[in-house]
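Enquirer: Got a predicted model here, sequence first, then my questions.
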Amino acid sequence: MWLLKEICAGIPGASGLKKPEQEITALVFDSRKVVPGCLFFAVRGTLVDGHTFIDQAITSGAVAIVCEEIPENPNPEITWIKTASASFALGLAAANFYGHPSAKLKLVGVTGTNGKTTVVTLLFKLFRDLGYKCGMLSTVENRINNEVIPATHTTPDPIALNQLLHEMVELGCDYAFMEVSSHAIVQHRITGLQFTGAMFSNITHDHLDFHKTFDEYIKAKKTFFDDLPDTAFALTNLDDRNGRVMLQNTKATQKTYGLKSMADFKAKIIENQFGGLLLNIDQHEVWFKLVGSFNAYNLLSVYAAAMLLGQDQEKVLTVLSRLSGAEGRFDYLISPNKIIGIVDYA
């Protein structure tokens, strides 16, 4: 059990706490999940404002409230913490509550419109086959080594995310690979996490129902790279017209990959057919089970990330050559009479 002052460390507006030594049982942002002794975060969502549930949270046993507006007649028995963004505070508090698990393994995040699930899945499979204990957080499923945990969002909420990372650390994971959606970046679901590396695949005109404009969508992705520490690497697709934009303000070590551009990590498609891909990657010709030029980019980015994480080139290419991609991401079957069936629900 953590003290309130420990959980609130680093949160803007949390200095001068009324009861800094108060023990906190849990962090909660859903009033239906409040338990006695918890710290409740009044997060403003896209449809619901957590401030309307503050009284309900207190009735259910919350002993401290993080909010953006304190009620007119605040309960004097409650510790009130006013901050500019309750969602930002939640990310920091969740990392504090679980002992900053992301700093105890090597966490790599993958963002972009397309390819996130395949890249994260390939990284997880690759490093498992290289002998490491690993975790994965993806749209399809979350995994801790061989254990499968159902996924409900591309990127979980900060509490669930830090809890999963904590479990990975407890089970000895060396690496964790996760999808980082633009929604998660804007909603501060990854606030408080310490990334070893960040990867950008591509960006197209999707999710404009949430971001409203394409510029806002690009800005959301770029924020992920802007916030990286100088100890991390930032790997971007130089063939995407916005690939270089991601690196403009990052403190991380900048690296690029591409099939067409003069990048740090280069590949060339030699053959592309339903039997697989023959690629020349950094002067090595390798046959892969995956098909399509989009998977050439996915494979190249995974190879580049592995190199940046200090892995052996020959071992990486050997393992990658025998891996399949993510379930439901351009899976294909060829019947005896050469009829091709494709399953893709991305």
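Expert: Thanks, I have the structure now. Note that the coordinates shown come from a computational prediction; the quantities given were computed from them, not determined experimentally.

Enquirer: can you give me the helices for the stretch 1-150 of the chain?
Expert: Here the stretch 1-150 of the chain has its helices, by DSSP state H, counting those that start in this stretch, at 4-7, 54-59, 86-97, 116-129.

Enquirer: which other helices and strands contact the longest one?
Expert: Read it as helix 116-129. Packing partners of helix 116-129 (3 or more C-beta pairs under 8 Å, 6 or more residues apart in numbering; DSSP states H and E): strand 106-111, strand 134-137, strand 175-179, helix 293-308, helix 313-320. Every residue, glycine included, has its C-beta placed from N, CA and C.

Enquirer: Can I get the ones you listed in TSV including distance to residue 235 and mean neighbour count?
Expert: Output for these, formatted as TSV (distance: least, C-beta to C-beta, whole Å; neighbours: other C-beta atoms under 10 Å):
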stretch	distance to residue 235	mean neighbour count
strand 106-111	9	26
strand 134-137	18	26
strand 175-179	13	27
helix 293-308	6	23
helix 313-320	15	16
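
Enquirer: how about the residue nearest the centre of the chain, what does it touch?
Expert: When C-alpha atoms, centre = their mean is applied to the chain, the residue found nearest the centroid is residue 180 (3.3 Å). Neighbour list for residue 180: 109, 110, 111, 116, 155, 190, 198, 224 [criterion: C-beta atoms under 8 Å, 6 or more residues apart in numbering].

Enquirer: The third one is in contact with residue 195, isn't it?
Expert: Okay, so that is residue 111. No: with contact defined as C-beta atoms under 8 Å, residue 111 does not count as touching residue 195 (10.8 Å).

Enquirer: distance of the residue nearest to the centre of the chain from residue 98?
Expert: 18 Å (C-beta to C-beta, to the nearest Å).

Enquirer: In a markdown table, list the helices of the stretch 1-150 of the chain along with mean neighbour count and distance to residue 234.
Expert: Below are these laid out as a markdown table (neighbours: other C-beta atoms under 10 Å; distance: least, C-beta to C-beta, whole Å):
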| stretch | mean neighbour count | distance to residue 234 |
| --- | --- | --- |
| helix 4-7 | 20 | 30 |
| helix 54-59 | 18 | 39 |
| helix 86-97 | 25 | 20 |
| helix 116-129 | 24 | 15 |
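
Enquirer: possible to save these as CSV with distance to residue 312 and mean pLDDT?
Expert: Output for the helices of the stretch 1-150 of the chain, formatted as CSV (distance: least, C-beta to C-beta, whole Å; pLDDT from 0 to 100):
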stretch, distance to residue 312, mean pLDDT
helix 4-7, 41, 97
helix 54-59, 52, 97
helix 86-97, 32, 98
helix 116-129, 12, 97
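
Enquirer: Nearest to residue 168 among the ones you listed would be which one?
Expert: helix 116-129 (11.4 Å; C-beta to C-beta).

Enquirer: if we look at that closest one, which residues are touching it?
Expert: 108, 110, 134-140, 143, 145, 154, 174-175, 177-181, 199, 201, 295, 298-299, 301-302, 305-306, 316, 319-320, 323, 325-326, 329, 346.

Enquirer: one more time with 7 Å, if that's ok
Expert: 108, 110, 134, 136, 138-140, 143, 175, 177-179, 199, 201, 298, 301-302, 305-306, 316, 319-320, 323, 325-326, 329, 346 (C-beta atoms under 7 Å, 6 or more residues apart in numbering).
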